[in-house]
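Q: Pasting the sequence and the predicted model now:
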Amino acid sequence: MRLSELKSLGRTPALPIDIQLADAAGAGTLQLLSLLRVLPGQRYVGAAVWRGRPVLAKLLVGSRAARHFQREVAGVKVLAAQGLPTPTLLAEGLQEGEGGWLLFEFLPQAQSLAQAWAEVEALPMLADEQQAVLAEALTAVAQMHAKGLWQEDLHLDNLLRANGQLYLIDGAGIQVEQAGQPLSRPKVLENLGVLFAQLPKTLEPFIEELLVHYLLANGEHGLPLEALLKQIDKVRQWRLRDFIAKVGRECSLFSVHRGAFALQAVRRREVAAMQPVLEQADALLDQGLLYKTGGAATVGKVDVGGRLLVIKRYNIKGVGHWFKRFWRPSRAWHSWVEGNRLAFLGIATPTPLAVLEHRFLWLRRRAYLVTEYCAGTDAIRHLEPYRDSGEIPEAELSGLQQLFSDLIRQRISHGDMKGYNLFWQDGRWALIDLDAVCQHGSAGSFAPAFERDRARFLRNWPQGSALHCVLDEQLPRM
């Protein structure tokens, strides 16, 4: 097939595909075997075979192909010119009306630092294994900055381990201030802010220690911690806004379909598993273990092929209720957005997998939310043994302190902080029932909402009990 035909194949074209790379150099045929990244109608990146050798192919199509091609080529060449490790560009081409292509050496058994970090992320914060991954990343970034370059889209996926070497990839994001001269301090702080903003906030107390790895490779500037933390916070806020916008639109993370008769959003990696669940949601609830039935919501645990899920159906109780609900986003949609927000911010909650709003000519009707099942124990049952003694285990108490501190820092109120809405699972407290969750825009609106949450949580136990007294003393306040 011709290169230009790729743009009509969508996100998941059938592979393998033979693509003609016609140009003056006679590049010939490329056999595309697998896809690693896809931006439908614009960019296809994957493993391929060209002239009998394995390559990594970047294929650019659509109206912006020429611009993306020029940026990619320029970035790759400046990395190579400055002696920074990047996969060798074997061949390139751009043809008007067809698109552009870049073929790189294939690095077998390559692992991104994002994959390496995922393997150690659950370890105690700044364990040796974690520090090793971050040291690699900071050293590579420092070497790039020392040459006057920075990666606009800096993240751990753009740092690739292979053959005992760390490679910089994604030339399209490479920017140059003054090639061969150390990057200015404002740009260094800005770029490091992008990197650290994507790491867990619990790493923040260790940033100064981690910066040693950067300074060993590039000691051109002193890096004031306060200025860096401000930049990290700025980037985090931007990334959150960008992420929340994505949960409601078609993108690489979510599959979203909007229409006059339905709104459906699913985590993209879960599309195949969730489609039958959404289609049979009522039947699954009828067969499942119901936690709540009737009224405004029906909630149940269901078993789908051995996988435990929770389905929450938001009912319409009658015509009067419908008139109150049809014109505004459903509580299912609100919970979908807020569940993804909490997960993004590192606040534990069962993973939201899919949401479906039934509509009639855009007017909202019954809705469904599907999440992972939370197998832990709720706070009422879990803390009951300590009601009289108040001797809460350190892990559970520090977990509550951390949760409430996170809520304060992010200005998030839950709205219904009864003990049955907090679960102890895998060493963390997780929030469920997110119908009333709100991230406040100001401290003035957040403060009374947080105090109500805190007071409601304490009311789960008698006011004179030892447990109530300990929690009141130990839980953070505004």
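A: Perfect, I can see it now.
Q: contacts and neighbour counts: CA atoms only from here.
A: Will do.
Q: First-to-last residue distance for stretch 198-215?
A: 20 Å (Cα to Cα, to the nearest Å).
Q: can you give me the mean pLDDT across that stretch?
A: Here stretch 198-215 scores 93 as its mean pLDDT.
Q: next one: stretch 17-31
A: Rounded mean pLDDT across stretch 17-31 is 80.
Q: Can I get that stretch in CSV, CA atoms only?
A: Extracted in CSV, the C-alpha atoms of stretch 17-31 (Å, rounded to 0.1, in the frame of the first residue of the first chain):
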residue,chain,number,x,y,z
ILE,A,17,1.4,-4.1,6.2
ASP,A,18,3.7,-3.6,3.2
ILE,A,19,4.3,0.1,2.5
GLN,A,20,5.9,1.5,-0.5
LEU,A,21,8.5,4.2,0.3
ALA,A,22,8.9,5.8,-3.1
ASP,A,23,11.5,8.5,-3.3
ALA,A,24,14.5,9.5,-5.4
ALA,A,25,16.8,7.2,-3.5
GLY,A,26,14.6,4.2,-4.2
ALA,A,27,13.9,3.3,-0.6
GLY,A,28,11.7,0.4,-1.6
THR,A,29,9.2,-1.5,0.5
LEU,A,30,8.8,-1.4,4.3
GLN,A,31,7.0,-4.2,6.1
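Q: What helices and strands are in contact with the longest helix along the chain?
A: Identified as the longest helix of the chain according to DSSP state H is helix 225-246. Packed against helix 225-246 by the contact rule (3 or more Cα pairs under 8 Å, 6 or more residues apart in numbering; DSSP states H and E) you find helix 185-197, helix 331-345.
Q: after the last one, next one along is what?
A: On the C-terminal side of helix 331-345, the nearest following helix or strand under DSSP states H and E is strand 352-360.
Q: So for the following helix or strand past that next one, what gets flagged as buried?
A: Following strand 352-360 in sequence order, the next helix or strand is strand 363-372 (DSSP H and E). By 16 or more other Cα atoms under 10 Å, the buried positions in strand 363-372 come out as 363-372.
Q: Over to stretch 170-184?
A: Buried residues in stretch 170-184, counted by 16+ other Cα under 10 Å: 170-176, 179-180, 182-184.
Q: Including distance to residue 235 and secondary structure, could those residues go into a markdown table?
A: Shown next, in a markdown table, are the buried residues of stretch 170-184 (distance: Cα to Cα, whole Å; DSSP: H, G, I helix; E, B strand; the rest coil):
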| residue | distance to residue 235 | secondary structure |
| --- | --- | --- |
| 170 | 20 | coil |
| 171 | 22 | helix |
| 172 | 20 | helix |
| 173 | 17 | helix |
| 174 | 18 | strand |
| 175 | 18 | strand |
| 176 | 21 | strand |
| 179 | 25 | coil |
| 180 | 27 | coil |
| 182 | 23 | coil |
| 183 | 19 | coil |
| 184 | 19 | coil |
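Q: related to what we said a few turns ago, okay if I get the helices and strands packed on helix 225-246 as TSV plus mean neighbour count and distance to residue 235?
A: Listed next are the helices and strands packed on helix 225-246 as TSV, based on neighbours: other Cα atoms under 10 Å; distance: least, Cα to Cα, whole Å:
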stretch	mean neighbour count	distance to residue 235
helix 185-197	20	6
helix 331-345	21	13
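Q: mind checking which of those helices is nearest residue 299?
A: Nearest to residue 299, of all these, is helix 331-345, at 11.9 Å by Cα to Cα.
Q: buried stuff in stretch 84-96?
A: 84-87, 89, 92-95.
Q: centre of the chain versus it, how much separation?
A: Per Cα atoms, centre = their mean, to the nearest Å, the displacement of stretch 84-96 from the mean C-alpha position of its chain is 30 Å.
Q: And for stretch 44-53?
A: On the basis of Cα atoms, centre = their mean, stretch 44-53 sits 29 Å off its chain's mean C-alpha point.
Q: Next, the buried residues of the helix or strand harbouring residue 116.
A: Under the criterion of DSSP H and E, residue 116 resides in helix 113-120. Burial within helix 113-120, assessed by neighbour count using 16+ other Cα under 10 Å, is assigned to 113-114, 116-117, 120.
Q: returning to what we had before: just the buried residues of strand 363-372 now: which is nearest residue 239?
A: For the buried residues of strand 363-372, the nearest to residue 239 is residue 371 (23.3 Å; Cα to Cα).
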